[in-house]
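Undergrad: below are the sequence and a predicted model; questions follow.
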Amino acid sequence: MHIVYNAFKSPGKFKSRQKEDSQLKQRLEAYQAACQKHSDTLAAIQKYLPGWMPAFNINQ
């Protein structure tokens, strides 16, 4: 109940969090698209470094 009360009390924080979540989702989708687009290059790198994937920095 406390969480719901705080959400109604400060809607700006909730909207801000929604915006951050939306931006993070967009960035993750772009990362996945780039990995798929460059899958041949990634496969060549993974021959020498098995399991390697480009980093996804969640804090940017």
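TA: Okay, I see it. Numbering: from 1, shown residues only.

Undergrad: any idea which residue is closest to the centre of the chain?
TA: Nearest to the mean C-alpha position of the chain, counting by Cα atoms, centre = their mean, stands Leu28 at 3.6 Å.

Undergrad: per-residue pLDDT, the closest residue to that residue other than its chain neighbours?
TA: Excluding the flanking residues, the one nearest Leu28 by Cβ to Cβ, 6 or more residues apart in numbering is Phe56, at 7.1 Å. C-betas here are computed from N, CA, C, even on glycine. Looking at Phe56, its pLDDT reads 83.

Undergrad: same check on the one 3 residues further on?
TA: pLDDT for Asn59: 74.

Undergrad: then Tyr5?
TA: For Tyr5, the predicted pLDDT is 58.

Undergrad: what is the neighbour count of Arg27?
TA: Arg27 sits with 14 neighbouring residues when counted by other Cβ atoms under 10 Å.

Undergrad: give me the phi and psi for the residue nearest to the centre of the chain.
TA: phi -70, psi -40 (degrees, to the nearest 10).

Undergrad: now Gln23
TA: The phi/psi pair for Gln23 (degrees, to the nearest 10) is phi -70, psi -40.
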